[in-house]
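Engineer: give me the fold of what follows.
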Amino acid sequence: MASALPPPQSDVLPDPRRVAAARRLLAEASPGVHDRLAQLAARLAGTPAALVCLVTDAEVPVGSCGLPASVVSGPLPLEGSPCAVTVGLGVPVVAPDAAQDQRLAGLPAAVDGALVAYLGVPLRARSGQAVGALAVFDGVRRDWSPDQVASLEQLAASVVAELELSAARSAADTSLMRLELALEASAVGTWEVDLQRETIDWDERCAAIFGYDSTVRMALDRLFDRHVHPDDRARAQEEMQAAVDALAQYTVELRVLRADGVVRWTVSRGRVLAGPDGAPQRIVGTVVDVTEAHEQADRELAAVRRAAAIAEVAAELAGATQVTQLAEIALRAAAVLGAEAIGLAVVDPRDGELYLHLTRRILDTVASAADVALPAGGVQTPMDDALPIQWVARQGEALLFADAAEVEARFPRMAEVNAMLGTRALAALPLRVEGRLLGSFTVVWTTEHAFTATDVELLEGLTAQLALTASRLRADIVRADAVAAMTAATARLQLLADAGRVLSGTLEITGQVGQLADVVVPTLADWCWLVVTDEQGRLHEMASAHRDPELRAELELYVHSMVAVMTEEAAAAVVTRTGRPLVLPRIDAARVERAIPEPATRELLGRLGPASGVVVPLTARGQSLGALGLFNGAERGPHTPAEVETALEVGRRAGLALHHARLFGQQRALAGALQHSMLTDPPEPDHCEIVVRYVPAADGAEIGGDWYDAFLEPGGATVLAIGDVVGHDVRAAAAMGQLRSLLRGISYSSGAPPAQVLAQVDRAVRGLGLDTMATALVARLEQTDDDLRADRTLMRWSSAGHPPPVLLRPDGQVQVLDGDLPDLLLGVDPSVARHDRVAVLPAGSTVFLHTDGLVERRDRDLDAGTAALVSVLAEYAVLPLTDLCDRVLERLFLPDAEDDVALLAVRLHPQGRPRPPEAGPQVVPPEFPPAPAVHPEARTAR
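Structural biologist: Numbers count the residues shown, from 1 in each chain. Prediction:
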């Protein structure tokens, strides 16, 4: 039954902040871009359709699978949208049947049946608002499992990560475009030197500085000979060569000779890049014409350095793949301001903790002073206000301290840091993207530093670039984690599916567990064994498997020896005895010695090399039937909590399979005996042909609570009986045998009408304490001399809550004899009066008695099933009775039916003619004389 939750708050969907967050992501998400994730969601949930949508003031599909184009081609109104309900609630909506779920039942699609099974989880933006939904649909009712809900939530995190990544990339592209515009506005040209070919390439701005109209490539010697002033040529070549030798960067101010002979002052800045072999390969750099402001050379040169530094940092940040790289990249830009060290604190999205990433100089200084090795992945830092880097990461406000005294007055603990690092000035700025605080960026100086407006602008620009890159890398981490978690969950689900397939394929338990061992290895462990108890509670090996085929024989030998010599402290014995799992992160030698006292067996175990393991019980219906041991070598490591939970589920399924296999054997033996003693062949008196059928509900159950009977009373009347004891197990079969025997004995000895027979049986059930309930129908075929001459038979019957007889008349018309309601079931109240009904059956009539399993199933009610029976009888009315019964079962009984079916059909052949060949000869007990082959007095229609 669907959970009862309140309807979504009316102010959630129109919340401007939520709508803005959704529109921010929608701006970068076109319809169809997330079809792949929708297909993955449908495959994980096993559904035909899935949808990824964002919810602003409308539902906007951005990815789908299996839905009509009319649904996903454009925005849809929020009214009537199950995804809007999911966003409004802000929690997963798990609805096996939308029409029965009060949250969805009022939606038009649920009312008209288009929406049946629905599972939707909200998409949450980084700001925390629910901005959309990931949903899967099915046209039939479905009971969603917790694993399916968890998998869809994990996939939703991946959807949000991709949306956030698209938004972050868009912001980064905008930033780079602004940088390009800035470079154009400042007339900064860029160039690249190929040191292998000794050529230089200029972009258009650089070429313009040298007097060319477009991009230029030329040899380096030509550059220096024709375009560098003779007085600056040697110095420029020396500085470039020194940078090449040191794989360093350089800056040179020189005069250039333009193509038209005009001399211009320029400042060039280059950085030497190494190739894969570590040798110098390229120089990338910038050039700017400073002729007009040469008198203010120091100020202009600093500005150029800053712009070039930001450009280089932006390019390097675009290629960064780890947060640990960001501090060193940012240092090269901050060095323009004289900064000597950098600290970058970023909140890790996986655990929400703050991690501090330092430049190499600080790492070396701290490690030397504290005599400790700092972790390469960042130093976990408490989220408090003790130091500026944490305070800014928490409060989101920038701090600038021009001298050490100022920072120590605000943060006393900085005195120790200043003494260790020699810090004299500090700037700490928040890393923020789209209003989200990601951490902080700290720059330190070893001299006092007065912050100018230009300094602040450079630091803010650098911080913005770092924040965008940190946001991108965080999104990559979230997406990678989500994909890894989803992959692991999919593997576990596939393992459970394979285990279920193996365990349900046959009731031969030895074959099952052998295949199961091969399924769990190597997915869940390097090797495994499976042991089970016998009827005396002793453990026996059933199966084993090793990922290394060469060790399988040795493993089998070990398991056989282990079971023979193990003590009560052995893991298999402990887990089987307690029914609780045993997780072994490390295989302890002392424990092994206590569990396996025999040295030869311990030596066999040692050759298998177990380093860790987990042993889970095989449980079924509260009983422990054995244990499954899963073991890993040192390289694989201990089992994760998710793997342990998967192993427990495999153990539960294996235990149930073992339990069912044992029950199967018991039921098969008992059912055979009951079948032989209870469901006897009917008599074939006079011109009456009787056909019986019994079909069990499931494999292995030869009989259940359904039964039939037919016998002759001493007076010659034929009695027909059919019934159904409540229940479908061996107990029901035993009760059926008692009831059938009571009814047969009472009817035969008393010769009473059917209603009296049922009343006496009901009293006997109460008096003998049988403690059972059952439906039953007793019918007696009677015939007076007048009836014989008219070639007709009277059927007198009484029903105790049983389905009514169905009459197939000689002309092919079918009638359900349900004019009156049936009397009360047997075993409820023996004082209730019972009633007889009478029907006149002309020669050629056929009467069908059946149990409810023939006409009633989970997917249809009793009336629909009865109508189907009537239709089949009418269609095949002309067939012989045996063929007719077979066709009825063929059309109405399904192989996976949950209920047994008993069928008793009687056909009254004309008595003025011989019995037809298809009816066979008369069959009556020895004490009854056979009737004449033809009754001449019967007026049979010719």
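
Engineer: spatially nearest residue to residue 208 (excluding sequence neighbours)?
Structural biologist: Once flanking residues are discounted, residue 208 sits nearest to residue 189: 7.1 Å by CB to CB, 6 or more residues apart in numbering. (Each C-beta comes from the backbone N, C-alpha and C, glycine too.)

Engineer: doesn't the one you found lie inside a strand?
Structural biologist: Yes - judged by DSSP: H, G, I helix; E, B strand; the rest coil, residue 189 forms part of a strand.

Engineer: and for it, the neighbour number?
Structural biologist: 21 (other CB atoms under 10 Å).

Engineer: so it bridges to which residues?
Structural biologist: Note on residue 189: beta-bridge partners residue 287, judged by DSSP bridges.

Engineer: these two touch, right, it and residue 205?
Structural biologist: Yes - counting by CB atoms under 8 Å, residue 189 does reach residue 205; the two are 3.7 Å apart.

Engineer: the helix or strand hosting residue 847 pairs with which strands, parallel or anti?
Structural biologist: According to DSSP states H and E, residue 847 maps onto strand 846-850. Sheet partners assigned to strand 846-850 using DSSP bridges are listed as strand 806-808 (antiparallel), strand 901-908 (antiparallel).

Engineer: now distance to residue 800, mean pLDDT and mean neighbour count too, for those, in TSV please.
Structural biologist: Below are the strands paired with strand 846-850 laid out as TSV (distance: least, CB to CB, whole Å; pLDDT from 0 to 100; neighbours: other CB atoms under 10 Å):
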stretch	distance to residue 800	mean pLDDT	mean neighbour count
strand 806-808	18	96	21
strand 901-908	15	94	24
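
Engineer: against residue 216, how distant is the residue nearest to residue 208?
Structural biologist: Noted for residue 189: a distance of 10 Å to residue 216, by CB to CB, to the nearest Å.

Engineer: ok, residue 718 next?
Structural biologist: 115 Å.

Engineer: more neighbours, those two?
Structural biologist: When residue 718 and residue 216 are compared for neighbours, residue 718 comes out ahead with 25 against 19, by other CB under 10 Å.

Engineer: residue 712 is in contact with that one, correct?
Structural biologist: Yes - between residue 718 and residue 712 there is a contact under CB under 8 Å: 5.9 Å.

Engineer: so what sits against both of these two?
Structural biologist: Common neighbours of residue 718 and residue 712, using CB atoms under 8 Å, 6 or more residues apart in numbering, are 683, 685.

Engineer: all strands of the stretch 1-150 of the chain, in order?
Structural biologist: Along the stretch 1-150 of the chain, counting by DSSP state E, counting those that start in this stretch, strands occupy 49-55, 59-65, 93-95, 117-124, 130-138.

Engineer: by contact count, what packs against the second one?
Structural biologist: Just to be clear, that refers to strand 59-65. Contact analysis of strand 59-65 by 3 or more CB pairs under 8 Å, 6 or more residues apart in numbering; DSSP states H and E lists helix 35-45, strand 49-55, helix 69-72 as its packing neighbours.

Engineer: which one, of these, ends up nearest to residue 434?
Structural biologist: Proximity to residue 434 (CB to CB) singles out strand 49-55 among the helices and strands packed on strand 59-65, at 15.6 Å.

Engineer: with just CA atoms, put that closest one into PDB.
Structural biologist: Output of strand 49-55 as PDB, limited to C-alpha atoms (Å, rounded to 0.1, in the frame of the first residue of the first chain):
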ATOM      1  CA  ALA A  49       9.900   4.400 -19.700                       C
ATOM      2  CA  ALA A  50      11.900   7.000 -17.800                       C
ATOM      3  CA  LEU A  51      12.000  10.800 -17.700                       C
ATOM      4  CA  VAL A  52      14.500  13.500 -16.600                       C
ATOM      5  CA  CYS A  53      12.800  16.900 -16.300                       C
ATOM      6  CA  LEU A  54      13.400  20.300 -14.700                       C
ATOM      7  CA  VAL A  55      10.600  22.100 -13.100                       C
END
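
Engineer: what residues does that strand touch?
Structural biologist: Applying CB under 8 Å, 6+ apart, the contact partners of strand 49-55 are 13, 22, 25-26, 29, 34, 37-39, 41-42, 59-67, 71-72, 78, 81, 83-84, 87, 123, 130-138, 159, 163.

Engineer: list the strands paired with it, with their directions.
Structural biologist: Counting by DSSP bridges, the strands paired with strand 49-55 are strand 59-65 (antiparallel), strand 130-138 (antiparallel).

Engineer: reformat the ones you listed as a markdown table; add mean neighbour count.
Structural biologist: As requested, the strands paired with strand 49-55 are exported to a markdown table (neighbours: other CB atoms under 10 Å):
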| stretch | mean neighbour count |
| --- | --- |
| strand 59-65 | 23 |
| strand 130-138 | 27 |
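
Engineer: so for residue 94, which of these sits nearest?
Structural biologist: Evaluated over the strands paired with strand 49-55, closeness to residue 94 peaks at strand 130-138, with 10.8 Å, by CB to CB.

Engineer: got a pLDDT number for residue 503?
Structural biologist: pLDDT for residue 503: 60.

Engineer: using the three-state scheme, assign residue 365.
Structural biologist: Taken by three-state DSSP, the conformation at residue 365 corresponds to helix.

Engineer: nope, residue 918 is what I meant
Structural biologist: helix.

Engineer: which residue, other than its chain neighbours, is closest to it?
Structural biologist: Distances taken as CB to CB, 6+ apart place residue 880 nearest to residue 918, at 4.2 Å, with adjacent residues excluded.

Engineer: next one: residue 892
Structural biologist: Looking at residue 892 with CB to CB, 6+ apart, the closest residue is residue 854, at 5.5 Å.

Engineer: number of nearby residues for residue 154?
Structural biologist: By other CB under 10 Å, 19 other residues sit near residue 154.

Engineer: isn't it right next to residue 486, touching?
Structural biologist: Yes - in terms of CB under 8 Å, residue 154 counts as a neighbour of residue 486; the distance is 5.2 Å.

Engineer: rewinding a little: which one of the strands of the stretch 1-150 of the chain lies closest to residue 798?
Structural biologist: The minimum distance between residue 798 and these falls on strand 117-124, with 45.1 Å, by CB to CB.

Engineer: in its sheet, what does that closest one sit against?
Structural biologist: The pairing partners recorded for strand 117-124 under DSSP bridges are strand 93-95 (antiparallel), strand 130-138 (antiparallel).

Engineer: now mean pLDDT too, for these, in a markdown table please.
Structural biologist: Formatted as a markdown table, the strands paired with strand 117-124 follow (pLDDT from 0 to 100):
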| stretch | mean pLDDT |
| --- | --- |
| strand 93-95 | 94 |
| strand 130-138 | 92 |
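
Engineer: in JSON lines, list those strands along with distance to residue 694.
Structural biologist: Below are those laid out as JSON lines (distance: least, CB to CB, whole Å):
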{"stretch": "strand 93-95", "distance to residue 694": "41"}
{"stretch": "strand 130-138", "distance to residue 694": "37"}
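
Engineer: please, where are all the helices along the stretch 251-400 of the chain?
Structural biologist: 297-318, 326-334, 360-370, 388-395 (DSSP state H, counting those that start in this stretch).

Engineer: which residues touch the top strand by length along the chain?
Structural biologist: Using DSSP state E to define each element, the chain has its longest strand at strand 263-274. Here strand 263-274 makes contact (CB under 8 Å, 6+ apart) with 191, 193, 209, 229, 240, 243-244, 246-258, 280-291, 294, 300-301, 304-305, 308, 312.

Engineer: what subset of the residues you listed is buried?
Structural biologist: Buried members of these, scored by 16 or more other CB atoms under 10 Å, are 191, 193, 209, 240, 243-244, 249-257, 280-290, 300-301, 304-305, 308, 312.
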